[in-house]
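Asker: Quick one, fold the following:
(2 chains)
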2 protein chains.
Amino acid sequence: MGRALALAETVMAITSPNPRVACLIVRQDQLLASGATQRAGGPHAEVMALRQADERGCVTTGSTIYVTLEPCSHHGRTPPCVDALIRAQPARVVIAMRDPNPLVGGQGIARLRAAGIEVRVGVCQEEALALNPGFVARMTRKTPWAWLKLAASLDGRIALANGESQWITGPAARADGHHWRARSCVVLTGSGTVLADNPQMNVRHVETSRPPIKAIVDTRFEVDENARIFDGIKTWVFTCSGNPEKARRLAEKNVEVVELPPNNGRVDLGAMMRWMGQNDINEVHVEAGARLSGALLQAGCADELLVYLAPVLLGDAIGMVGMQALQSLAEAQRFEFMETTALAPDLRLRARHVGHWKSLMESVQD
Amino acid sequence: MGRALALAETVMAITSPNPRVACLIVRQDQLLASGATQRAGGPHAEVMALRQADERGCVTTGSTIYVTLEPCSHHGRTPPCVDALIRAQPARVVIAMRDPNPLVGGQGIARLRAAGIEVRVGVCQEEALALNPGFVARMTRKTPWAWLKLAASLDGRIALANGESQWITGPAARADGHHWRARSCVVLTGSGTVLADNPQMNVRHVETSRPPIKAIVDTRFEVDENARIFDGIKTWVFTCSGNPEKARRLAEKNVEVVELPPNNGRVDLGAMMRWMGQNDINEVHVEAGARLSGALLQAGCADELLVYLAPVLLGDAIGMVGMQALQSLAEAQRFEFMETTALAPDLRLRARHVGHWKSLMESVQD
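Answerer: Predicted structure coming up:
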């Protein structure tokens, strides 16, 4: 299963809105064939692996098939994988994780068992979930999985008091950030960042065949129509202030303006996340200023923290997240550290929201 | 040499003001004997190892002796180790690091060579220096090596705006902090912390046979004479405001009041560090509020950062270090990350000042 998980990692940035899945066909400790999910509309992992077995002239009867997610049992853009698996007549199917998709919901497993195939579910379940938190979040809570990318000094400052912020972290950390943009379905920022830094917010430093959608939270629809972020890649502007003329002009640059209800005078971030969920978004990479990052956190919309720390202390300067002062430490949302990676001279820390992760884990338990 | 360095680690908290040193005597890949420096006034590592060889009836003639620091060649509280080594007639002595002590200054090496012994210097030099940065700092720049212990949220906040700070980090991180107190010669804090939290600032959670001296920076000599920090363990109060009566009363509690010149109306921190160097202090563990931590950093007195990060974000709250706003990122003192350790649920990061470390390294280069 470890090998299957590693294979699924290789399609991290292409399968959305489908989950990243891999399938291995094994007999007598020999790998007969393997496959991973292709771009949306293309074949799923199981079909890729069965095709390869067929091309190689391998007999799959009596084999063991490993798959990182429960095979689908419904007709989507492709026919149900479970039928293909049953035709292959394996002795055993080992599944890392139940599919939280209500259209599958354990039926894939049930149909395999009904066909007389031995099925084991829950092998490397947590690792399998970590491959697809966004897909699982969208299926179960109807919103994407979002991480805040934050680059700061060791004392949590993202810019000097005078605004200087380029660059606190080094080239390795910045390049790494582009891997995370490439993996996501949407790269989200705020109008403040667009106005102040005029960033492109696209994927550079990393190859990608499927650039993520860009999105801007812009309550008063203030962004400059000529901002560099509008480069032809699909972009959403979430706003509370309609401006049909401006929207029409921006539409020519592949920009869609989405009007959302206000919440305390600003874009309702929960409504925005639900809208993205309805629009098949699995994962959101947030790269914004302290204000939007803090607002997402306070709205309960931050599932993970992707923090790059530089080995400097800046003292009185601008903090990572702008949030109202807490009254008690008990109010703070608890995260848990997942991994620490050196990106000399900086460090990358990843942490995930304890409660949000626990909910996802429960939703895939068999 | 790796084994010798590990042995020297075991005497981390007892040898000061002497350096932590270990010595191994080896022949034909067999360890004949080993020893590490004992408490000040007790035998040095070389003598301990030679004694053990003698007790075991081992012949040291023709052996290879590994020692983590150049053997002393002067009469201190004990006779020169280099004489004892020459009497043992080894074929070869391998030394990790030159002794920066001007009383030794390569003479130990020279005398061994003059006695016809093959000497190799500089094996695992950086690791050997990491065992004794304080001793080397005191010998070369005349001040101790100081680290700032900081416990904060992931966004660098040490307390809520309302002052609540107990506890941001968990029990494992707090217990680990006591290892670092035990290792140091002085635990330094500020009068603000003493007045606000009334801490004991002693070593708990860890066994120690040699409690570090405590010290308080207290410009206006405002500490309460009945504060818990005055528990009979030797304590220094650094101040600019003499108060002979109060000093006399505190002397009964083993407290020495040290008057220092002011610098911008506050205790001159550089003068304080020089005073501690003159008083045989190798290492200073600073556990203070944002103001003193920031002042030490600005005064160039922070050599290392020992940072415990909790996986929470606190937003608008009190920062790690209080420092004047920098005008440019280029002004920031550069540190380098040394290691990252999980102390669930927290992380411990260590970083050292790039320039200060480089100076120490240069001073021990042969």
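Asker: what comes up buried for stretch A:226-236?
Answerer: Neighbour-count burial for stretch A:226-236, counted by 16 or more other Cβ atoms under 10 Å in any protein chain shown, picks out A:227, A:229, A:230, A:233, A:235, A:236. For the C-beta atoms, the positions are set from N, CA and C on the backbone; glycine is no exception.
Asker: wait, doesn't the second one sit right on residue A:201?
Answerer: Yes - shown here, residue A:229 and residue A:201 form a contact pair, counting by Cβ atoms under 8 Å, at 5.2 Å.
Asker: shared neighbours, those two?
Answerer: Common neighbours of residue A:229 and residue A:201, counting by Cβ atoms under 8 Å, 6 or more residues apart in numbering or on different chains, are A:189, A:214.
Asker: Which residue ranges of the stretch 151-300 of chain A form strands?
Answerer: With strands called from DSSP state E, counting those that start in this stretch, the stretch 151-300 of chain A shows them at A:157-160, A:186-190, A:213-217, A:235-239, A:255-259, A:262-263, A:266-267, A:283-286.
Asker: a markdown table please, covering those and showing distance to residue B:184 and mean pLDDT.
Answerer: Putting the strands of the stretch 151-300 of chain A into a markdown table (distance: least, Cβ to Cβ, whole Å; pLDDT from 0 to 100) gives the following:
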| stretch | distance to residue B:184 | mean pLDDT |
| --- | --- | --- |
| strand A:157-160 | 28 | 90 |
| strand A:186-190 | 45 | 98 |
| strand A:213-217 | 48 | 98 |
| strand A:235-239 | 53 | 98 |
| strand A:255-259 | 57 | 98 |
| strand A:262-263 | 51 | 95 |
| strand A:266-267 | 49 | 96 |
| strand A:283-286 | 41 | 98 |
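Asker: Save the ones you listed as CSV, and put in distance to chain B too.
Answerer: As requested, the strands of the stretch 151-300 of chain A are arranged in CSV below (distance: least, Cβ to the nearest Cβ, whole Å):
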stretch, distance to chain B
strand A:157-160, 6
strand A:186-190, 16
strand A:213-217, 18
strand A:235-239, 23
strand A:255-259, 28
strand A:262-263, 18
strand A:266-267, 16
strand A:283-286, 13
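Asker: Among those, which comes closest to residue B:36?
Answerer: strand A:157-160 (42.5 Å; Cβ to Cβ).
Asker: And the residue in the stretch 101-250 of chain A positioned nearest to chain B, how close does it get to residue A:315?
Answerer: Here the stretch 101-250 of chain A gets closest to chain B at one residue, residue A:156, 2.9 Å apart by Cβ to the nearest Cβ. Using Cβ to Cβ, to the nearest Å, residue A:156 is found at 11 Å from residue A:315.
Asker: before we move on, back to that, these two touch, right, the residue of the stretch 101-250 of chain A closest to chain B and residue B:155?
Answerer: Yes - counting by Cβ under 8 Å, residue B:155 is a contact partner of residue A:156 at 3.8 Å.
Asker: Buried residues, the helix or strand encompassing residue A:5. List them.
Answerer: For residue A:5, the host element (DSSP states H and E) is helix A:2-9. By 16+ other Cβ under 10 Å, the buried positions in helix A:2-9 come out as A:4, A:5, A:7, A:8.
Asker: Which one of the residues you listed is nearest to residue A:71?
Answerer: Using Cβ to Cβ, the buried residues of helix A:2-9 come closest to residue A:71 at residue A:4, 13.0 Å.
Asker: how about the closest one, what does it touch?
Answerer: Here residue A:4 is in contact with A:22, A:23, A:24, A:34, A:66, A:67, A:68, A:96 (Cβ under 8 Å, 6+ apart).
Asker: Likewise for residue A:101?
Answerer: A:72, A:139.
Asker: Now do it against residue B:317, distance only.
Answerer: Taking Cβ to Cβ, one finds residue A:101 at 41 Å from residue B:317.
Asker: circling back to that earlier point, hey, what's in contact with both of residue A:156 and residue B:155?
Answerer: With Cβ under 8 Å, 6+ apart, residue A:156 and residue B:155 have common neighbours A:319, A:320.
Asker: okay, which residue is most central for chain A?
Answerer: residue A:283 (2.7 Å; Cα atoms, centre = their mean).
Asker: who's that one bridged to?
Answerer: residue A:145 (DSSP bridges).
Asker: Would you mind confirming that it is in contact with residue A:146?
Answerer: Yes - under the criterion of Cβ under 8 Å, residue A:283 makes contact with residue A:146 at 7.4 Å.
Asker: isn't residue A:62 right up against residue A:25?
Answerer: No - counting by Cβ under 8 Å, residue A:62 sits too far from residue A:25 to count as a contact (10.9 Å).
Asker: Report the distance from the helix holding residue A:5 to the chain centre.
Answerer: A distance of 17 Å separates the centroid of the chain from that of helix A:2-9, by Cα atoms, centre = their mean, to the nearest Å.
Asker: what is the orientation angle of the helix or strand that comes right after that helix with helix A:2-9?
Answerer: Counting by DSSP H and E, the next helix or strand C-terminal to helix A:2-9 is strand A:22-27. Using axes from the mean of the first three to the mean of the last three Cα atoms, to 10 degrees, the direction of strand A:22-27 lies 150 degrees away from that of helix A:2-9.
Asker: contact partners of strand A:22-27?
Answerer: Taking Cβ under 8 Å, 6+ apart as the rule, strand A:22-27 contacts A:3-8, A:11, A:31-37, A:45-46, A:48-50, A:53, A:58, A:60, A:62-68, A:88, A:90.
Asker: rounded to a whole number, what's the mean pLDDT of that strand?
Answerer: For strand A:22-27, the mean per-residue pLDDT is 96.
Asker: partners of it, with directions?
Answerer: strand A:30-36 (antiparallel), strand A:64-67 (antiparallel).
Asker: Most tightly packed of those strands?
Answerer: strand A:64-67 (a mean of 26; mean count of other Cβ atoms under 10 Å in any protein chain shown).
Asker: moving C-terminal of it, what's the next helix or strand?
Answerer: helix A:81-87.
Asker: Which parts of that next one count as buried, going by neighbours?
Answerer: A:81, A:82, A:83, A:84, A:85, A:86.
Asker: all helices of the stretch 151-300 of chain A, in order?
Answerer: Ranges of helices within the stretch 151-300 of chain A are A:171-183, A:191-197, A:244-251, A:269-278, A:290-298, based on DSSP state H, counting those that start in this stretch.
Asker: then the helix or strand hosting residue A:48 to CSV, C-alphas only?
Answerer: Secondary structure from DSSP H and E places residue A:48 in helix A:45-55. Extracted in CSV, the C-alpha atoms of helix A:45-55 (Å, rounded to 0.1, in the frame of the first residue of the first chain):
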residue,chain,number,x,y,z
ALA,A,45,-6.5,4.4,-11.3
GLU,A,46,-8.1,0.9,-11.4
VAL,A,47,-8.8,1.1,-15.2
MET,A,48,-5.2,2.4,-15.8
ALA,A,49,-3.8,-0.6,-13.9
LEU,A,50,-6.1,-3.2,-15.5
ARG,A,51,-5.2,-1.8,-18.9
GLN,A,52,-1.5,-2.1,-18.2
ALA,A,53,-2.1,-5.7,-17.0
ASP,A,54,-3.9,-6.5,-20.2
GLU,A,55,-1.2,-4.9,-22.4
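Asker: Okay, angle between it and helix A:2-9 too, please.
Answerer: 110 degrees.
Asker: tell me how far helix A:45-55 is from the chain's mean position?
Answerer: 27 Å.
Asker: So which elements touch that helix?
Answerer: Applying 3 or more Cβ pairs under 8 Å, 6 or more residues apart in numbering or on different chains; DSSP states H and E, we find helix A:45-55 packed against strand A:22-27, strand A:30-36, strand A:64-67, helix A:81-87.
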